[in-house]
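**Student:** Pasted the sequence and its predicted model underneath.
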Amino acid sequence: MTATPRKNSANLGGSWIDGAAAVTSGAQQRIVNPADGTTVAEIALATPADVDVAVTSARTTLCTWAGATPADRSVVLNNLAELMSANAELFITEEVAQCGKPIRLATEFDVPGSIDNIMFFAGAARHLEGKATAEYSSDHTSSIRREAVGVVATITPWNYPLQMAVWKAIPALAAGCTVVIKPAEITPLTTLTLARIAKEAGVPDGVLNVVTGSGTDVGTALAGHPDVDVVTFTGSTVVGRKVMAAAAAHGHRTQLELGGKAPFVVFDDADLDAAIQGAVAGALINSGQDCTAATRAIVARDLYNDFVAGVAEVMGKVVVGDPLDPDTDLGPLISFAHRNRVADMVRRAPNEGGRVVTGGVIPDLPGSYYRPTLIADVAESSEIYRDEIFGPVLTVRPFTDDDDALRQANDTGYGLAASAWTRNVYRAQRASRAINAGCVWINDHIPIVSEMPHGGVGASGFGKDMSDYSFEEYLTIKHVMSDITAAAEKDWHRTVFRKR
């Protein structure tokens, strides 16, 4: 890669408000590469006062952007997709530097996936749907209008900074909303670059704003701001509930994509090799820092020992190291603090019956790395099995029959994603119906497409990202009912008063 993240660049400040880098007075924030601890950039954080400015800018430009035709907005979003493609190398480099994710993941997933999502919504902007205009009563014509809901406040996480900014902002822009994004303060670079090139693409000043700050002050101020209309959030369940509480003070509509504890159910007729390969890939993507990652393998007893041995063997071949090396499979976790939290959970697992089969150690590398880890024989009540790990750790336990497998799959408060592995179509269909999750994969785990929705149930939140379904988060439905009789006295008036 030839491009490098820009340090302290005048056109890449810590916030982007009203179409320009904003001078903010908050504390200085170092953006640290978790692979080696080096400083990638240093920015000034925003303050609640900056949130006011950004929201005011978004509110001021709302009428103009919402009043643009769907075709006009589509053209701008297509321009944005083209510019992101032209600047793909910069996005890849910044995402790798701030997150520590392997360059293959950023190159083949994060950046092209974001471009595809923008392209999808550029088209979707022109295909709003509603019930047919018709006479649903004998003396009126009814029609449906789909209108931008208003100013959208969105708070995005550190694990997929670019993709989450796109998932939240782009459907909102396509719907005619204006947006204020608060990225995680430790990974803001690609979000800021997205805002900058959005201006080049033709997004009017004030339509897309970025305020980089901490969740406790800037996030709370944004979620609870009286002049926003929708609050969207991706992150942990604990923080999501705080965001929802702040939004509820003003009755804001909310959309939350929260934590997960995805079951990975392997039935006794599954293709064992496919399940083993899928489990390792599904557990280790983005170093396991993925809410949909496979974390709970629930395996038929007849296959259990072979599955455990196979996963351990494949995990042992995973290359851990420099994210810029194309041969690297697993990069560091986002920080030493987070790495230590994962390591502490693994260390406690044997106290509750878990058996560390492979991994469970910190490699001798300069960054916040952790070896791929497999823990077998975990108890259903154990911390490592029930709580979100958010690291390269897969737990495994056996099941006795299909009913037991599905019971275990649903024995969690989370409901974001799951997978079932079987050659039997009826078993697969039963699993897809019975498992309580927003997405159920059959004989695979992780793939997503822009045309299909992403979102969970229960402690994993509500509402959808991606797909046409996500438009529901950013559009209001207005019923227009027009009299077609021209009569001064309507028949229904008699229910209120009698002519005298």
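**Tutor:** Now that the structure is in, tell me what you want to look at. Numbers count the residues shown, from 1 in each chain.

**Student:** make it CA atoms for all contacts and neighbour counts henceforth
**Tutor:** OK.

**Student:** quick one: low-confidence parts of the stretch 151-300 of the chain?
**Tutor:** Along the stretch 151-300 of the chain, the model assigns pLDDT under 70 to no residue.

**Student:** for the stretch 401-500 of the chain, that is, sorry about that
**Tutor:** For the stretch 401-500 of the chain, the stretches with pLDDT under 70 are 500.

**Student:** can you give me the helices for it?
**Tutor:** 402-409, 425-434 (DSSP state H, counting those that start in this stretch).

**Student:** Return the most buried member of the ones you listed.
**Tutor:** For those, the largest average neighbour count (mean count of other C-alpha atoms under 10 Å) is found in helix 402-409, namely a mean of 18.

**Student:** Contacts for that helix next, please.
**Tutor:** Helix 402-409 has contacts (C-alpha atoms under 8 Å, 6 or more residues apart in numbering) with 263, 264, 265, 267, 298, 299, 300, 399, 431, 434, 435.

**Student:** Please pick the buried ones from those.
**Tutor:** Buried members of the contacts of helix 402-409, scored by 16 or more other C-alpha atoms under 10 Å, are 263, 264, 265, 267, 298, 299, 300, 399, 431, 435.

**Student:** about what we covered before: I'd like the helices of the stretch 401-500 of the chain written out as TSV, with distance to residue 169 added.
**Tutor:** What follows is these, written out as TSV (distance: least, C-alpha to C-alpha, whole Å):
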stretch	distance to residue 169
helix 402-409	33
helix 425-434	30
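
**Student:** Go through the ones you listed and name the closest to residue 361.
**Tutor:** helix 402-409 (28.0 Å; C-alpha to C-alpha).

**Student:** The closest one: how far from the chain's middle?
**Tutor:** 28 Å (C-alpha atoms, centre = their mean, to the nearest Å).

**Student:** Would you mind extracting the C-alpha trace of it into PDB?
**Tutor:** Extracted C-alpha coordinates of helix 402-409, given in PDB (Å, rounded to 0.1, in the frame of the first residue of the first chain):
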ATOM      1  CA  ASP A 402     -32.600 -31.900  17.600                       C
ATOM      2  CA  ASP A 403     -34.900 -30.600  20.300                       C
ATOM      3  CA  ASP A 404     -31.900 -30.200  22.700                       C
ATOM      4  CA  ALA A 405     -29.900 -28.500  19.900                       C
ATOM      5  CA  LEU A 406     -32.600 -25.900  19.200                       C
ATOM      6  CA  ARG A 407     -33.200 -25.400  22.900                       C
ATOM      7  CA  GLN A 408     -29.500 -24.700  23.500                       C
ATOM      8  CA  ALA A 409     -29.400 -22.400  20.500                       C
END
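
**Student:** Out of the contacts of helix 402-409, the closest to residue 340 would be?
**Tutor:** Closest approach to residue 340 among the contacts of helix 402-409 (C-alpha to C-alpha): residue 263, at 24.3 Å.

**Student:** Quick test: name the residue nearest the centre of this protein.
**Tutor:** The centroid of the chain falls nearest to residue 164 when counting by C-alpha atoms, centre = their mean (4.7 Å).

**Student:** quick one on the thing from earlier: among the buried ones among the contacts of helix 402-409, which lie within strands?
**Tutor:** Among these, DSSP state E puts 263, 264, 265, 298, 299, 300, 399 in strands.

**Student:** Setting the sequence-adjacent residues aside, check what's closest to residue 28.
**Tutor:** residue 44 (4.5 Å; C-alpha to C-alpha, 6 or more residues apart in numbering).

**Student:** For residue 33, see how far away that neighbour is.
**Tutor:** 18 Å (C-alpha to C-alpha, to the nearest Å).

**Student:** okay, these two: which has more neighbours?
**Tutor:** residue 33 (26 against 21; other C-alpha atoms under 10 Å).

**Student:** contacting residues for the more buried one?
**Tutor:** Counting by C-alpha under 8 Å, 6+ apart, residue 33 has contacts 39, 40, 97, 98, 99, 100.

**Student:** To which secondary structure element is the fourth one assigned?
**Tutor:** The one in question is residue 98. helix 88-99 (DSSP states H and E).

**Student:** Centre of the chain to that helix, how far?
**Tutor:** Its chain's C-alpha centre and that of helix 88-99 lie 18 Å apart, by C-alpha atoms, centre = their mean.
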